[in-house]
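Participant: Got a sequence here, can you model it:
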Amino acid sequence: MAELIPLQVDPDVLNFSPPLNRVINNSFILTNTTANQVIYKVKTTAPKRYVVRPNFGVVPPSGSVEVQVTLHYSKDPPATLDKTKDRFLVQSTLLPENLANPDLKALWTEAENADQVAKVRIRCTFQHEGVSAPSESDAPGVSHPSEGAPAPDAGAPSGSAFPLRNRQLEDLSDKLTRAEADRDHLKDELVRLKAKLAQREKESAAAAVRGQPAGGFNPKVLLHYLIVAFVSFLIAYFKFSC
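Facilitator: Residues are numbered from 1 along each chain as shown. The predicted model follows:
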């Protein structure tokens, strides 16, 4: 993980006050603490329950962006309100300088592959106004293995299953993001190759009219590139789907 945390997140806990049988709006502020532009992405462990806008964008140097969060409780009600495991993950990375019309998605994918993405998490609570939410470590009924707590019964559902599920959701969301970036990259590559093929065909036609050789261009080579790009897209898509 990147050591630098370029964005300050405020607040680090979002509270959605009951009653929850309604649409509830909330927000948090992302503040850029650097002299560079910062790309950010926001993910959630409950994508059916929350709508985040904007969930991807750029924060200007020393600037701020407000991210709106809307809770649609009726679409995906949580199992419990007292100890909700809902989280938001704010990821960020510095945008390279002196880039004209940068491809943000491609730059984001490169930063993820290079492990240059910083992460900050936001907790969620469902508390009435004026009631302070207990921290995870102080919540009643939470045992700590380091303090000699007995191991849970093998037949009982383990509370660790919920963090595991959250991590799995984060991993799946990362895979989806990368698959979408690969898909967009392949689409751009196909457009570029098709344009190159069209240009070559025009040059060949013009050379034929002048009675000159076309320069040795072989359309089969470009067709081969198109096929390889398309097959690569299918492999990436089905790999994620499985």
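
Participant: how is the chain carved up into domains?
Facilitator: Recorded structural domains for the chain (assignment: automatic domain parsing) are 7-130, 178-241.

Participant: need the ones you listed in JSON lines with mean pLDDT, can you?
Facilitator: Supplementary listing: the domains of the chain in JSON lines, determined by pLDDT from 0 to 100:
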{"stretch": "domain 7-130", "mean pLDDT": "91"}
{"stretch": "domain 178-241", "mean pLDDT": "69"}
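
Participant: Present those domains as a markdown table; the columns should include mean neighbour count.
Facilitator: Bear in mind the C-beta positions are built from the backbone N, C-alpha and C, glycine included. Formatted as a markdown table, the domains of the chain follow (neighbours: other Cβ atoms under 10 Å):
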| stretch | mean neighbour count |
| --- | --- |
| domain 7-130 | 16 |
| domain 178-241 | 13 |
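
Participant: gap between the closest residue in space to residue 90 that isn't next to it in sequence and residue 31?
Facilitator: Nearest-residue entry for residue 90: residue 120, 4.6 Å, with adjacent residues in sequence omitted and distances by Cβ to Cβ, 6 or more residues apart in numbering. Summarising the geometry, the distance separating residue 120 from residue 31, computed by Cβ to Cβ, to the nearest Å, is 12 Å.

Participant: same check, this time on residue 21
Facilitator: Distance of residue 21 to residue 31, computed by Cβ to Cβ: 34 Å.

Participant: which residues touch the nearest residue to residue 20 once chain neighbours are set aside?
Facilitator: Setting aside the residues directly before and after it, residue 20 is nearest to residue 73 in space (Cβ to Cβ, 6+ apart), at 4.2 Å. The neighbourhood of residue 73, defined by Cβ atoms under 8 Å, 6 or more residues apart in numbering, consists of 16, 20, 21, 22, 24, 49.

Participant: and of those residues, the nearest to residue 127?
Facilitator: When these are ranked by distance to residue 127 (Cβ to Cβ), residue 16 comes first, at 8.4 Å.

Participant: Do I have it right that the closest one meets residue 86?
Facilitator: No: the pair residue 16 / residue 86 is not scored as a contact, 9.1 Å apart, by Cβ atoms under 8 Å.

Participant: Identify the contacts common to the two.
Facilitator: A shared contact of residue 16 and residue 86, defined by Cβ under 8 Å, 6+ apart, is any residue touching both; here these are residue 124.

Participant: Quick check: end-to-end length of stretch 109-126?
Facilitator: 34 Å (Cα to Cα, to the nearest Å).

Participant: how about the helices of the chain, start to end?
Facilitator: For the chain, applying DSSP state H gives helices covering 104-113, 161-210, 219-241.

Participant: Show me what the shortest one is packed up against.
Facilitator: It stands for helix 104-113. Where contact means 3 or more Cβ pairs under 8 Å, 6 or more residues apart in numbering; DSSP states H and E, helix 104-113 is packed against strand 38-44, strand 56-59, strand 87-94, helix 161-210.
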